[in-house]
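# mind folding the following:
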Amino acid sequence: VMGIMAVLIAIELFSLWFSVNALSSIRSYVNAEGLWSKSQKDAVYHLSLYANNGEENEYKAFLDFVKVPLGDKKTRIELEKKNPDLTIARQGFLEALNHPEDIEGMISLFRRFRKIYYIDKAISIWAEADSYIEKLISIGERLNKEISSVSPSREKINQILFEIPPLNKKLTQVENDFSYTLGEGSRWLENLVLKILLSIAITV
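Numbers count the residues shown, from 1 in each chain. I've put the predicted structure just below:
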């Protein structure tokens, strides 16, 4: 009897430790999404300024801000591989300005819960957002090419500029969807852990 109770208590303690770490990693992803969103909005802001005033430093600021989404993309692509290089994954998260102490937990959450509905959905939304970032970068490159040309056309610049607002709207939507999905996943995990702990307590 004492042995069984010891095992149950050990399982209970492990469940608490596991849930705390998992929830902490979800919190890290929420923070990462905040950094991602802020950088994306700042990138759009400086790209719009660049289209209007043609100052090269605005385009450089745009390129600096998109490094955050690109860093996260590097990590996602690497972790999707069958045998990922975790050094590359860590580097991507660092380039995305995530706190170094959060990175291991974020990688573990990605790999352990990849097939769980909520995490799978969040990663799919993440991939969709990355595709929009690529389109934003393409817009920036076309603007830079036109503005840097010998005789830039204001009409062409405006045509390219008009592509930004609808793209920005789509990015806002996927950013919100990502946060909502992580929130749902967090609540699911909390409920699961509570049920496990309650079952163990009743058994004890």
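
# for the rest of this, base every contact and every neighbour count on C-alpha atoms.
Fine.

# got the contact list for the residue nearest the centre of the chain?
Residue closest to the average C-alpha location in the chain (CA atoms, centre = their mean): Glu33, at 4.7 Å. Glu33 makes contact with Glu175, Phe178, Ser179, according to CA atoms under 8 Å, 6 or more residues apart in numbering.

# for it, report the pLDDT, please.
Per-residue confidence (pLDDT) for Glu33: 92.

# okay, and it sits in which element?
Taking DSSP states H and E as the definition, Glu33 sits inside helix 2-53.

# how far off centre is that helix?
9 Å (CA atoms, centre = their mean, to the nearest Å).

# same thing with stretch 105-114?
Distance, centroid of stretch 105-114 to centroid of chain: 13 Å (CA atoms, centre = their mean).

# can you give me the buried ones in it?
Gly105, Met106, Ile107, Leu109, Phe110, Arg114 (16 or more other CA atoms under 10 Å).

# restricted to helices, list those residues.
If you go by DSSP state H, these have Gly105, Met106, Ile107, Leu109, Phe110 in helices.

# would you mark the buried spots in stretch 136-145?
Leu136, Ile137, Ile139, Gly140, Arg142, Leu143, Asn144.

# what does that stretch rub up against?
Counting by CA under 8 Å, 6+ apart, Leu47, Ala51, Tyr59, Val66, Ile157, Ile160, Leu161, Glu163, Ile164, Leu167 sit against stretch 136-145.

# measure Glu78 to Ala6 for me?
Separation of Glu78 from Ala6 (CA to CA, to the nearest Å): 41 Å.

# done for today, thanks.
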